[in-house]
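Asks: sequence and computational prediction follow.
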Amino acid sequence: MRAIGVNPWVWTSPVDDAALAELIPRIAGFGFDAVELPIERLGDWEPARTRDLLAAYGLTAAGVCAVTSPGRDLVNAPPETVASTVAYLKSCVDHAAAVGAACVGGPVYAAVGRTWHMSATARATCYADVRRALRPVADHAGERGVSIGVEALNRYETSVVNTVEQAVEMIDGLPPSVGLMIDTYHMNIEENDPCAALAFAGPYIKHVQVSGTNRGAPGRDHFDWPRFLAALAATGYRGPVCIESFTARNEAIATAAAIWRPLAPSQDALARDGLSFLRATLEQIDIDHLTGC
């Protein structure tokens, strides 16, 4: 069975040692298999402690989420900003290796919320700059058995990479340790056909995040989840599928993610409902595959 994970951002931000100590037992009790671990600030959580806490509750680290907050940029930024961002991403890789996570994923190219117009020539230059800056991170990741999943965001959050096709273009020429992190929320906005985009992304997929089209629970929305998850299985990806959502009760994260109202009766309900729906849908897809339906 495919592992299903959840990001503690569903409940709180920042995700630190205290938050993980409270949430990991709850996440395990709901029946999740894995936990995504965002790093908003280096030092928020200690890798060895987190690894042991996950193991104590029978969970694994689904991946580490790189958080490109203001001042973390690989393009169109001063050299010292690029250097500090590279150092941050290398630290994310080290954290991932320490907790046994296979992937560091996120919009690693630029801070969320930065947008500027680019001609075709300017975009080509931008992508070349990303490749140049990301290469030492890719090499560092490859040495540690960790991959980098580049995430395309919707047009309101970045102008650099909005689609799978753009993301593949941007990472072309980088080592195989660099691929894509799929996020259904952004795909629903930007892709003409998310399933066709997923098929195109197939060889590059390193990690998958899911949420409802309104950032709520998968299955409580209009997205064609059976078709999408069947298309995901057809790519050969066998890694975890992780719910990423946010709470409106934390002002900082609610503003950053534009969460202005509750998306479920409770955050626990959002997690439980999403898990139940994903588990049932993925099980049916596996049954259909085994029976040739």
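Replies: Great, that's in hand.

Asks: roughly how far apart are the closest residue to residue 237 other than its chain neighbours and residue 117?
Replies: With C-beta to C-beta, 6 or more residues apart in numbering as the measure, residue 205 is the residue that lies nearest to residue 237, at 4.7 Å, once sequence neighbours are left out. Bear in mind the C-beta positions are built from the backbone N, C-alpha and C, glycine included. Residue 205 is 30 Å from residue 117, where distance means C-beta to C-beta, to the nearest Å.

Asks: looking at the two, which one has more neighbours?
Replies: Set side by side, residue 205 and residue 117 give different neighbour counts by other C-beta atoms under 10 Å, the larger being at residue 205 (21 against 7).

Asks: quick one, what contacts residue 210?
Replies: Residue 210 makes contact with 183, 184, 218, 241, 242, 243, 244, 274, 278, according to C-beta atoms under 8 Å, 6 or more residues apart in numbering.

Asks: one more pass at 10 Å, please.
Replies: By C-beta atoms under 10 Å, 6 or more residues apart in numbering, the contact list for residue 210 reads 4-5, 182-185, 187, 217-219, 223, 225, 228-229, 232, 241-245, 274, 277-278.

Asks: how about the strands in the stretch 51-200 of the chain?
Replies: According to DSSP state E, counting those that start in this stretch, the stretch 51-200 of the chain carries its strands in the segments 60-66, 103-106, 147-151, 178-183.

Asks: by contact count, what packs against the shortest one?
Replies: To tie it back to what came earlier, the one meant is strand 103-106. For strand 103-106, the helices and strands in contact under the criterion 3 or more C-beta pairs under 10 Å, 6 or more residues apart in numbering; DSSP states H and E are strand 34-39, strand 60-66, helix 79-99, helix 120-143, strand 147-151, strand 178-183, strand 205-210.

Asks: now with 7 Å, please.
Replies: Using 3 or more C-beta pairs under 7 Å, 6 or more residues apart in numbering; DSSP states H and E as the contact criterion, the elements in contact with strand 103-106 are strand 60-66, helix 79-99, strand 147-151, strand 205-210.

Asks: residues contacting that strand, please?
Replies: Strand 103-106 is touched from outside by 63-68, 89, 92-93, 96, 141, 146-149, 151, 181, 206-207, with contacts defined as C-beta atoms under 7 Å, 6 or more residues apart in numbering.

Asks: sorry, back to before: what's the most buried one of the strands of the stretch 51-200 of the chain?
Replies: The highest mean neighbour count among the strands of the stretch 51-200 of the chain, using mean count of other C-beta atoms under 10 Å, belongs to strand 103-106: a mean of 29.

Asks: dump that one to PDB, restricted to CA.
Replies: Output in PDB follows, covering the C-alpha atoms of strand 103-106 (Å, rounded to 0.1, in the frame of the first residue of the first chain):
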ATOM      1  CA  CYS A 103      13.100  14.300  -0.700                       C
ATOM      2  CA  VAL A 104      13.500  18.000   0.000                       C
ATOM      3  CA  GLY A 105      10.700  19.700  -1.900                       C
ATOM      4  CA  GLY A 106       9.400  23.200  -2.400                       C
END
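
Asks: next one: that strand to chain centre, how far?
Replies: In terms of C-alpha atoms, centre = their mean, to the nearest Å, the centre of strand 103-106 is set 6 Å apart from its chain centre.

Asks: give the buried residues for the helix or strand hosting residue 286.
Replies: Using DSSP states H and E, residue 286 sits within helix 267-291. By 16 or more other C-beta atoms under 10 Å, the buried positions in helix 267-291 come out as 267, 270-279, 281-282, 285.

Asks: for stretch 164-176, same thing?
Replies: When burial is assessed from 16+ other C-beta under 10 Å, stretch 164-176 yields the following buried residues: 164, 166, 167, 168, 170, 171, 174.

Asks: looking at it, the second one is touching residue 152, isn't it?
Replies: Yes: judged on C-beta atoms under 7 Å, residue 166 makes contact with residue 152 at a distance of 6.5 Å.

Asks: ok, and the closest non-adjacent residue to residue 262?
Replies: If you skip the residues right next to it in sequence, residue 262 has residue 248 as its closest partner in space, 5.6 Å away by C-beta to C-beta, 6+ apart.
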